[in-house]
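Asker: Just need the structure, nothing else, for what follows:
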Amino acid sequence: MDSVDSDAQRLLGLIVRAAQLDARECAERHDLLRQASALLWWLEPGSPPRTIANLLSCLSLPLEQWLDSRLRQGYEGALQFADEPTMLCSAIALETNPRLGWERVQQIVKKVRDLCRTRPHGDDEYRLFRMFLIEHGVVDADSSLDFLIPLQVSFNSLYEPIPQHLIRSGYIYLCPGCGWPMEIHHRAVSCGAQWCEQTVGIFQWMGDELVSVRTSKLIHPVTAKNKYRLVPALWAFTLIPGLLEMRLRDGIARLGITAELWPDVDQADLSFTANDRTYSLDAKVWNSPRNLGLHLVDTPSTGAIYIIPDYQRQHVDSLSEQCSPKQIKSESQCLRWVKELCQR
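Answerer: As a prediction, this is how the structure comes out:
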């Protein structure tokens, strides 16, 4: 990691931590913003130092309006809305320090994975567990989750109460892409996932109705009573990449090849066999390709080919150079490559 990346991550870490604090924690928030101000002044000596009041107001503005592109590391959007941290804020926290979120994911997923490896039908049980998380961004507290009992997973380790700022008149509005509650008070409404904004678009209020900007389709409200959402770390590291994993599985299947999700209890995200050779794929859906690259550089090689969304395909070459000898492909590049394998 070069000095610019290191400084950018430190700066993002400071302002994200400030945005995540409760407004009543003024002293700690001011201390973080004071450090951020000093670091910004050192990074941009030609610009006047930013006051704490200025940085506080910037937390509610899109990063691209006040932070230089070399320091944003590809992130766009605001860190706060109505003094509440946005999902972008959480995404930056997870991606700039993936161990924070990954440790929580590992506490749950690794425990289930290790247990399933000792059970007679563990492969199927693990796949059911992962599919459930991908397909249930929100659950009803009264839902039957008996299948979790033999896996020794508690409901509270997977799901949390839905924050009040996501509830409007007793209702929530679920993202058509991932099923998570959307941030309804923004001008451009979405769940906060870049994947969903790119694949299903954003939404806007037309009077009391929420409609798709792309299709004009109406999004119907769902009662918030007894509803719980998947915890953010599992949403970011399991549900969202799981959507790309399933698209890859379906795309490969259309080429006449059977692809298996999480084979041998998660030895890979996806594997398939062509011409008597088995290939492994690892789907990565990060907001910041730069931070993904830094993460992959430090990740031991498994021989898997890393797949990123098509909307980030312009970063394939730079990621491939940054992470060599690891292979990086976009979703469509991957499917073309599989098609070529089929024709050999």
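
Asker: which residue ranges form the helices in the stretch 101-250 of the chain?
Answerer: Counting by DSSP state H, counting those that start in this stretch, the stretch 101-250 of the chain forms helices over residues 122-135, 155-158, 194-199, 232-234, 240-253, given from the N-terminal end onward.

Asker: Just name the most buried of those.
Answerer: Comparing the helices of the stretch 101-250 of the chain on average neighbours per residue, with mean count of other Cβ atoms under 10 Å, the densest one is helix 232-234 at a mean of 21. To be clear about C-beta, it is placed using only N, CA and C from the backbone, and glycine gets the same treatment.

Asker: and that helix, what does it pack onto?
Answerer: Using 3 or more Cβ pairs under 8 Å, 6 or more residues apart in numbering; DSSP states H and E as the contact test, the elements touching helix 232-234 are helix 87-96, helix 98-116.

Asker: of all those helices, which lies closest to residue 304?
Answerer: When those are ranked by proximity to residue 304, the top entry is helix 98-116, at 16.3 Å, counting by Cβ to Cβ.

Asker: Dump the helices of the stretch 101-250 of the chain to TSV, plus mean pLDDT and distance to residue 272.
Answerer: Converted to TSV, the helices of the stretch 101-250 of the chain look like this (pLDDT from 0 to 100; distance: least, Cβ to Cβ, whole Å):
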stretch	mean pLDDT	distance to residue 272
helix 122-135	92	15
helix 155-158	88	29
helix 194-199	94	23
helix 232-234	88	26
helix 240-253	97	6
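
Asker: Put together CSV for those, with distance to residue 8 on each row.
Answerer: Formatted as CSV, those follow (distance: least, Cβ to Cβ, whole Å):
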stretch, distance to residue 8
helix 122-135, 31
helix 155-158, 33
helix 194-199, 18
helix 232-234, 22
helix 240-253, 23
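
Asker: so how far does stretch 291-309 reach from one end to the other?
Answerer: Across stretch 291-309, the straight-line distance between its terminal residues is 15 Å, by Cα to Cα, to the nearest Å.

Asker: For it, which outside residues touch it?
Answerer: The list of residues contacting stretch 291-309 from outside it, by Cβ atoms under 8 Å, 6 or more residues apart in numbering, reads 1, 5, 9, 73-74, 95-96, 98, 195, 198, 244, 248, 268-269, 279-286, 289, 315-316, 318-319, 322-323, 325-331, 334.

Asker: Quick one, which of the helices of the stretch 101-250 of the chain gets closest to residue 18.
Answerer: For the helices of the stretch 101-250 of the chain, proximity to residue 18 was assessed by Cβ to Cβ; helix 232-234 is nearest, at 18.0 Å.

Asker: From residue 171, how far out is the closest residue to residue 163 other than its chain neighbours?
Answerer: Residue nearest to residue 163 in three dimensions, not counting chain neighbours: residue 84, with 7.0 Å by Cβ to Cβ, 6 or more residues apart in numbering. From residue 84 over to residue 171 the distance is 18 Å, taken as Cβ to Cβ, to the nearest Å.

Asker: For the protein, give me the ranges with low pLDDT.
Answerer: Using pLDDT under 70 as the threshold, the predicted model of the chain has low-confidence ranges 1-4, 98-103, 144.

Asker: Report the residue ranges of every domain in it.
Answerer: Under the assignment named as automatic domain parsing, the residue ranges that make up the domains of the chain are 3-71, 100-232, 233-342.

Asker: Report the separation between residue 64 and residue 74.
Answerer: Spatial separation of residue 64 from residue 74 under the definition Cβ to Cβ is 10 Å.

Asker: Correction: the previous question concerned residue 304.
Answerer: 23 Å.

Asker: Same check on residue 59?
Answerer: If you measure residue 59 against residue 74 using Cβ to Cβ, the figure is 19 Å.

Asker: The two: which has the busier surroundings?
Answerer: Taking neighbours as other Cβ atoms under 10 Å, residue 59 and residue 74 compare with residue 59 leading, 22 against 17.

Asker: Let me see the contact set for residue 16.
Answerer: The neighbourhood of residue 16, defined by Cβ under 8 Å, 6+ apart, consists of 79, 89, 92-93, 96.

Asker: Serialize the residues you listed to CSV and add fields for distance to residue 253.
Answerer: Conversion of the contacts of residue 16 to CSV gives the following (distance: Cβ to Cβ, whole Å):
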residue, distance to residue 253
79, 40
89, 37
92, 35
93, 36
96, 36
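
Asker: of these, buried ones?
Answerer: Buried residues within the contacts of residue 16, counting neighbours by 16 or more other Cβ atoms under 10 Å: 79, 89, 92-93, 96.

Asker: Surely residue 80 and residue 87 touch.
Answerer: No. Residue 80 lies out of contact with residue 87 (Cβ atoms under 8 Å); the separation is 11.3 Å.
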